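Peer 1: Fold the following for me, if possible:
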Amino acid sequence: MNGEMEELDEKEREKRKQDKIDYRKKQSTSNLFLFIGTVCEILLSFLFVLIYFILSVLITTIIPESAQSIVYNILLIVSFVGGIASGFFVYRGLGRIIIDKGNLRPKLREDILNQFKTLKEFKADQEKKKQQ
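Peer 2: Numbering: from 1, shown residues only. Predicted coordinates:
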């Protein structure tokens, strides 16, 4: 009987060890995905701000000189905020595509996957949790 208990304990230890290894793999994959994603989001936001800034300069050249400074200042603020927002939305869309195409769902933590869910998917998950 004592031999059976030791065998069960050994199996349980191996199972826990494998669970820890799997958790660490998920953790490292999730951290790498977030790091690369953050760098891409910063680059996308910078690119959109630059594009919107160029557009605002082109728009202000069309406007009469008396109103150029006011319009330019307003467009500068709009281009900055719009560039950051555009970068964020494109980042989320690209993240969803990369997760789906790369089959990364089983490799990433649930909290990371929640960041890239659509509102419809998020509400469906909340309903499932309420029913359980």
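
Peer 1: for this protein, longest helix please?
Peer 2: When the chain is parsed with DSSP state H, its longest helix is helix 2-62.

Peer 1: Only the buried residues of the next helix-or-strand element following that one, if you could.
Peer 2: Remark: after helix 2-62, the chain's next helix or strand is helix 68-101, criterion DSSP states H and E. For helix 68-101, burial by neighbour count (16 or more other Cβ atoms under 10 Å) applies to 75-76, 79-80, 82-84, 86-87, 90-92, 95-96, 99. All C-beta spots, glycine's among them, are computed from the backbone N, C-alpha and C.

Peer 1: And the residues you listed, which is closest to residue 39?
Peer 2: residue 91 (10.4 Å; Cβ to Cβ).

Peer 1: and the closest residue to the closest one other than its chain neighbours, how many residues sit next to it?
Peer 2: Nearest residue to residue 91 in three dimensions, chain neighbours excluded: residue 41, at 4.1 Å (Cβ to Cβ, 6 or more residues apart in numbering). Residues within reach of residue 41, counting by other Cβ atoms under 10 Å, total 18.

Peer 1: Check residue 11 too.
Peer 2: 10.

Peer 1: is it true that residue 107 touches residue 29?
Peer 2: Yes - the pair residue 107 / residue 29 is scored as a contact, 4.8 Å apart, by Cβ atoms under 8 Å.

Peer 1: quick one: contacts for the residue nearest to residue 91?
Peer 2: Residue 41 is in contact with 87-88, 91, counting by Cβ atoms under 8 Å, 6 or more residues apart in numbering.

Peer 1: go on, residue 68?
Peer 2: residue 60.

Peer 1: So it versus residue 89, what's the distance?
Peer 2: For residue 68, the distance to residue 89 (Cβ to Cβ, to the nearest Å) stands at 30 Å.
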